[in-house]
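Novice: I would like the atomic coordinates for the input below:
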Amino acid sequence: MATPKVSVLIPVYNTQQYLPDCVDSIRSQTLSDVEILLIDDGSSEECGRLCRELSREDDRIRYYKKEHEGAGAARNFGIAHATGEYLLFLDSDDWMREDAAALLVEKAEREQADMVLFDFVIYDAESGCMRQSYENRQYRNCDNLFDAKMCQCLLPSACTALYRTEVWKREELWFPVTPFEDNGIYPLLLLAFPRWTLVAEGLYFYRTNYGKSATKNIANDKRRKAPFLCLIKTMQEKKIWEQHREAIYDFCVHQLQVSLEHIRTRCDKETYQETLEDFCGFLTEYFPEYPSFPQEEEDFFDVSVIVPVHNSGAYLEECLDSLCGQRYGKFEVLCIDDNSTDQSLSVIDRYRSRDRRFRLIEDTNGSYGHKINVGIREASGRYITILESDDLYADDMLECLHSAIVNTHADYVDANFSEFFTAGSAKQYTYCSKYNRADQYNRVIYGNENRELLLSATAAIWSGMYRKEFLLQNRIRLNESAGASYQDVSFRFLVTCLAETSYHLPNSLYCYRVDNRNSSVKDDTKVVNIVSEYQYLKNELFKRGLFAWRIKHYYFYWKYEGFFWNFKRLSLEANRIFVPCLLKETERDKGDLRTCWEELRPPVYQMIQRICQNPQAVWEEEKQKEAHQQEEREHFLHYRLFVQRKKAIIFGAGKMGQRLLRGLLQERSRILYFCDNDAAKWGRYVDGIEIVSPRSAVDTEDMLHYIIANKHHHQEIRQQLMLLGVQEQCIEVYS
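Specialist: Numbers count the residues shown, from 1 in each chain. Predicted coordinates:
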């Protein structure tokens, strides 16, 4: 009998509902020279009967039955009986693209490779959504696959590669008979198959959310160290353990952390603490020179707030007070200090002494990105938020975000924010929207639609709440470049690209200070740091296989919006350094910019061209606009004081009225109605405030205040209100 080209090994255990689709995906392969090994791992009689029927229908299918030991033992059994030139592994609830085998074999033979990596597609059986994974394509130009995978691998699955059978058997590779059997063999596969290549396509369809037992999954998570014990034993026998200990440590820590997050999310504190101690014991025994997981968890927090600190004493107390005043209380605060030389440490110590939720972590790295990464790693909460040490949370920030993320099960949620500055003893707030369209708020956003948010979103990572498990599984980290230089850009972009679900609140929950002269965004010495940040993001997108199609367009849109923002904030002298860099980047990107014209929006592209032609003229224009905006912010202070004396009504529900409402954000509760002379608007709402007729808005007994927001007819409206009985001192005109 001729040797088949590919042996497809399918362990089967009570998956009769999905098995026909799984097997049909192999029977219908464009490469027909395959054998299919169904290894029945002690299934029910019904499932066994289905396997026998399938084997009778197609002589390429061979059926074996064995006692139940798990997928690892079933795969080992299949390997021993496989006769094909190549091996493919397929779980019985998944399926493969019909041209997968042909593509992989052709690639292996053309490039004389012993292993061909490929990507998978995640199918959510509950929602019916599919999401492309980029687990393997990110290693396209990788020089050291083993080290890179040990550091970054998201899903160490043996199912996402084609293997030459001869090499597999020569190297005597066997799956451990434990849960997460792939964890125990995956590093060995990377070492055993140095001649590798990849097909940068999703060929394997991985089914999720179809009623698997949560109890069983948690039981497996608690045994996550078992395959690592087998792995270490095998590496010691092969005398390659000491050589690769550091890389294996990275691999183990990441995988154990994923299980810890599962247990934290689904179990009580005692179960989590017990598993944590077990995992820490394992790490201490086999990797004593490397750090273990932190175990000091007197409280079981749901949210971890990361506060990066560096000489923030002038604002830090006010910042931390906004945390103490939160309506939601089940959170911890990680103050991560970088060698502060002012009073910052003494401020933190005061809060630590009276509130056990506050922790100090000293980080001497000096990088903002490193601080946030340390915070994510050290966080004990299920969810992560970030608070800059000169900013403030609204008192319902954590309550609103936590409620949204728990109720929607989103990967991240966020809200709008307000910029503020201090004028005398008062704060002036300006409402800022993160997204352009109203339909992007108050609903769960799925899959690729998340990526479309990049056309309207700001970086603003601090107004969001993120599932820690999502960040860990996707290896989303901040760039650890020196200082605080735009590292939030890459984090925000990757979160948006990789999230399966997100949810966005229209509320302004975060208060962003714009009058701190020591803020990193006002630092004129960081002239070209933004260029290196976008290069870092490009490299990350390229490694993950994301730098293609529309994401590529979004990248260039962000990049040149960012460059324009940087140009505006710098002094004229600093721009003498930055503009040549901008010209160089524009010349290098010009081919891509032409194809991305629509995504960039012509105004952005035209502004970049104007800067290239006459940077000083554009800079002067922008500084004039900035001065005007500052005057407008200060101008709002007058109306704030007017509204604070009495409850008020805004006369005019058009653009001016809506703009005024945004400027009076903190006084919103004092605005009773909009009123307008346009009867078609009566009964409608603007930002949750009803529009009524002028007559019904007038209340002479309560002496309400009225602000006229109409550019051309304010004199006539003043007369109208006075005729209705409003006293003149109760009328103000917004200009």
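
Novice: Where does the prediction get shaky in the stretch 451-600 of the chain?
Specialist: Regions of the stretch 451-600 of the chain meeting the criterion pLDDT under 70 cover residues 457, 484, 517-525, 597-600.

Novice: all strands of it, in order?
Specialist: In the stretch 451-600 of the chain, the strands defined using DSSP state E, counting those that start in this stretch lie at 464-467, 501-513.

Novice: Wait, residue 326 touches residue 398, no?
Specialist: Yes - taking contacts as Cβ atoms under 8 Å, residue 326 lies within contact range of residue 398: 5.0 Å. For the C-beta atoms, the positions are set from N, CA and C on the backbone; glycine is no exception.

Novice: Just want to know which of those two has more residues nearby.
Specialist: residue 398 (25 against 19; other Cβ atoms under 10 Å).

Novice: Wait, the more buried one touches residue 328, no?
Specialist: Yes - counting by Cβ under 8 Å, residue 328 is a contact partner of residue 398 at 4.2 Å.

Novice: intersection of neighbour lists for these two?
Specialist: residue 303 (Cβ atoms under 8 Å, 6 or more residues apart in numbering).

Novice: And the helices in the stretch 1-150 of the chain?
Specialist: 19-27, 45-57, 71-81, 100-110, 145-152 (DSSP state H, counting those that start in this stretch).

Novice: got the CA positions of the longest one in CSV?
Specialist: Put plainly, it is helix 45-57. Extracted C-alpha coordinates of helix 45-57, given in CSV (Å, rounded to 0.1, in the frame of the first residue of the first chain):
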residue,chain,number,x,y,z
GLU,A,45,-21.1,4.1,22.6
GLU,A,46,-23.0,6.6,20.5
CYS,A,47,-19.8,8.5,19.7
GLY,A,48,-17.9,5.2,19.0
ARG,A,49,-20.7,4.1,16.6
LEU,A,50,-20.4,7.3,14.7
CYS,A,51,-16.6,6.8,14.3
ARG,A,52,-17.2,3.3,13.0
GLU,A,53,-19.8,4.6,10.5
LEU,A,54,-17.4,7.3,9.2
SER,A,55,-14.6,4.7,8.8
ARG,A,56,-16.9,2.5,6.7
GLU,A,57,-17.8,5.4,4.4
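
Novice: contacting residues around it?
Specialist: 12-16, 19-20, 23, 38, 40, 43, 61-63, 65.

Novice: Name the member of these with the most neighbours.
Specialist: If you rank the contacts of helix 45-57 by neighbour count (other Cβ under 10 Å), residue 12 sits at the top with 29 neighbours.

Novice: ok, now how distant is that residue from residue 161?
Specialist: Residue 12 is 21 Å from residue 161, where distance means Cβ to Cβ, to the nearest Å.

Novice: same question, residue 456
Specialist: Counting by Cβ to Cβ - residue 456 and residue 161 are separated by 39 Å.

Novice: What is the neighbour count of residue 575?
Specialist: So residue 575, with other Cβ under 10 Å, has 22 neighbours.

Novice: ranking the strands of the stretch 451-600 of the chain by burial, who's on top?
Specialist: Per-stretch averages of neighbours, counted by mean count of other Cβ atoms under 10 Å, single out strand 464-467 among those, with a mean of 24.

Novice: What would that one look like as PDB? C-alpha coordinates only.
Specialist: Output of strand 464-467 as PDB, limited to C-alpha atoms (Å, rounded to 0.1, in the frame of the first residue of the first chain):
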ATOM      1  CA  GLY A 464     -10.400  52.800  30.000                       C
ATOM      2  CA  MET A 465     -10.700  49.500  32.000                       C
ATOM      3  CA  TYR A 466      -9.000  46.400  30.600                       C
ATOM      4  CA  ARG A 467      -9.400  42.700  31.400                       C
END
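
Novice: Show me what that strand is packed against.
Specialist: strand 383-386, helix 397-408, strand 412-423 (3 or more Cβ pairs under 8 Å, 6 or more residues apart in numbering; DSSP states H and E).

Novice: Okay, now the sheet partners of the following helix or strand past the first one, with direction.
Specialist: Read it as strand 383-386. Heading C-terminal from strand 383-386, the first helix or strand you meet, by DSSP states H and E, is strand 392-393. The strands beside strand 392-393 in its sheet (DSSP bridges) come out as strand 501-513 (antiparallel).

Novice: now the strand it pairs with against helix 397-408, angle please.
Specialist: Interaxial angle, strand 501-513 versus helix 397-408 (axes from the mean of the first three to the mean of the last three Cα atoms, to 10 degrees): 170 degrees.

Novice: for strand 501-513, the distance to its chain's centre please.
Specialist: 15 Å (Cα atoms, centre = their mean, to the nearest Å).

Novice: And for stretch 539-549?
Specialist: On Cα atoms, centre = their mean, the centre of stretch 539-549 falls 15 Å from the chain's centre.

Novice: How about stretch 118-126?
Specialist: 18 Å.

Novice: Any buried residues in that stretch, and which?
Specialist: 118, 119, 120, 121, 122, 123, 124 (16 or more other Cβ atoms under 10 Å).

Novice: what does the average pLDDT come to for that stretch?
Specialist: Looking at stretch 118-126 alone, the average pLDDT works out to 78.

Novice: Then stretch 147-165?
Specialist: 86.

Novice: Please renumber the chain so that the first residue is 645 from this point on.
Specialist: I'll keep to 645 as the first residue from here, and by that count the last item is stretch 791-809.

Novice: With just CA atoms, put it into PDB.
Specialist: What follows is stretch 791-809 as a C-alpha-only set of coordinates in PDB (Å, rounded to 0.1, in the frame of the first residue of the first chain):
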ATOM      1  CA  ASP A 791      13.400  32.300  22.000                       C
ATOM      2  CA  ALA A 792      10.800  34.500  20.300                       C
ATOM      3  CA  LYS A 793       8.000  31.900  20.900                       C
ATOM      4  CA  MET A 794       9.000  31.300  24.500                       C
ATOM      5  CA  CYS A 795       8.700  35.000  25.100                       C
ATOM      6  CA  GLN A 796       5.600  35.800  23.100                       C
ATOM      7  CA  CYS A 797       3.600  32.600  22.300                       C
ATOM      8  CA  LEU A 798      -0.100  33.100  22.900                       C
ATOM      9  CA  LEU A 799      -1.500  29.700  22.100                       C
ATOM     10  CA  PRO A 800       1.200  26.900  22.200                       C
ATOM     11  CA  SER A 801      -0.800  24.500  20.100                       C
ATOM     12  CA  ALA A 802       0.600  21.500  18.200                       C
ATOM     13  CA  CYS A 803      -2.400  21.800  15.900                       C
ATOM     14  CA  THR A 804      -1.000  24.900  14.000                       C
ATOM     15  CA  ALA A 805       1.800  23.200  12.200                       C
ATOM     16  CA  LEU A 806       2.500  20.500   9.600                       C
ATOM     17  CA  TYR A 807       5.400  18.100  10.700                       C
ATOM     18  CA  ARG A 808       7.600  15.700   8.800                       C
ATOM     19  CA  THR A 809       6.900  12.400  10.400                       C
END
